[in-house]
Each structure stands twice: as C-alpha cells, then as structure tokens.
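# Just to be clear, the model below is a prediction. Sequence and coordinates:
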Amino acid sequence: MTLTAEHVQKYAEITGDYNPLHFDKSFAAQTKFGKLVVQGGITTGILNALVAMDMPGPGTVFLSHDWKFVAPVYIGDTITGEAEVMSVHATKPVTQLNVRITRQTGEVVLAGEAWCYTFEVAGK
C-alpha cells in the first residue's frame with residue numbers, strides 16, 4: 001500500500017487524530033522525523049487486512065498484539081505487511097503470528113507478534 005496525504009486526511013476525519021506531525025510540515029521538520037509521518041493506525045491497518053483477508057483469513061480477528069514502531073512511515077512510502085505462523089492452538093482456532101511491516105527500501109518499520117481467533121461459520 002502506497003500511503004498518501006488523502007489517507008492521512010481520511011484517517012483523521014474518522015479518528016480525530018489531527019496531530020501536527022501528520023499535517024504541519026514546518027512542525028514535523030523540527031522533529032526527529034524531519035517531515036510529515038502517517039498515523040500509526042494507518043500503518044497497523046495493513047495488518048488488519050492481512051489477518052482478516054489472507055492469513056489466517058476471513059472471520060479472523062485480533063485477540064491481542066504486541067508490536068513496536070521501529071521507524072517512522074512517511075507520506076509516499078509503500079508499506080508491506082508480513083506474518084509468519086508461530087503456533088496454532090491444538091483445540092481452539094487460535095493462531096500466534098510473528099508480524100512485521102516494511103517500507104519499499106526493505107527497512108522494517110514495525111515488528112512484533114499477534115494472537116488471532118478465527119470464527120467458523122456453521123455449515124461451511
């Protein structure tokens with residue numbers, strides 16, 4: 001997913017996160033980031049899509065997660081979410097994942113783990 005100023009604006013409209021780090025170029029330039037960064041929720045949102053649609057797949061929700069933002073994500077970055085199955089519960093549809101997000105350069109911007117639950121629909 002390539003992140004745009006429109007993503008940042010829409011996320012702010014939904015959540016109310018109008019932090020100047022995301023909107024005020026002169027403010028952001030004076031921080032260690034040096035330029036505008038996207039909201040963390042946009043960054044982690046790619047993991048929501050990955051878990052709910054691909055791995056483990058439809059019907060899956062996060063039970064918990066423990067991740068760290070290890071580098072900022074900037075407007076214009078292309079991010080990719082990845083997950084590796086670490087364990088599967090023997091008697092419940094619960095999966096432990098190692099997750100990470102990288103930018104187009106290969107740099108890791110987020111790393112951690114998540115526990116997921118996959119709901120099964122009767123008759124399928």
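The structure has been received and is ready for your questions.
# The residue nearest to Ala52 when sequence neighbours are not counted: how many residues sit nearby?
Counting by Cβ to Cβ, 6 or more residues apart in numbering, Ala52 lies nearest to Thr60, which is 5.6 Å off, once chain neighbours are set aside. Using the backbone N, CA and C atoms, a C-beta is placed for each residue, glycine as well. Around Thr60 there are 20 other residues, counting by other Cβ atoms under 10 Å.
# so His89 makes contact with Trp115?
No - His89 lies out of contact with Trp115 (Cβ atoms under 8 Å); the separation is 9.2 Å.
# Now do the helices in the protein.
5-15, 20-23, 25-29, 40-49 (DSSP state H).
# sorry, back to before: so which of His89 and Trp115 has more stuff around it?
Higher neighbour count among His89 and Trp115: Trp115, with 16 against 11, using other Cβ under 10 Å.
# and Val73, what does it touch?
Shown in contact with Val73 (Cβ atoms under 8 Å, 6 or more residues apart in numbering): 3, 37-38, 42-43, 79, 101, 103, 109.
# switch to 7 Å and redo it
Residues counted as contacts of Val73 (Cβ atoms under 7 Å, 6 or more residues apart in numbering) are 3, 37-38, 43, 79, 103, 109.
# Could you check how far it is from Ala114?
18 Å (Cβ to Cβ, to the nearest Å).
# and what of Val38?
Using Cβ to Cβ, one gets 20 Å for the distance from Val38 to Ala114.
# list the contacts for the most centrally placed residue in the chain?
For the chain, the residue nearest the mean C-alpha position is Thr44 (1.4 Å; Cα atoms, centre = their mean). Contacts for Thr44 (Cβ under 7 Å, 6+ apart) come out as Leu110.
# Ok, Leu21 next?
Leu21 touches 27-28, 31, 33, 37, counting by Cβ under 7 Å, 6+ apart.
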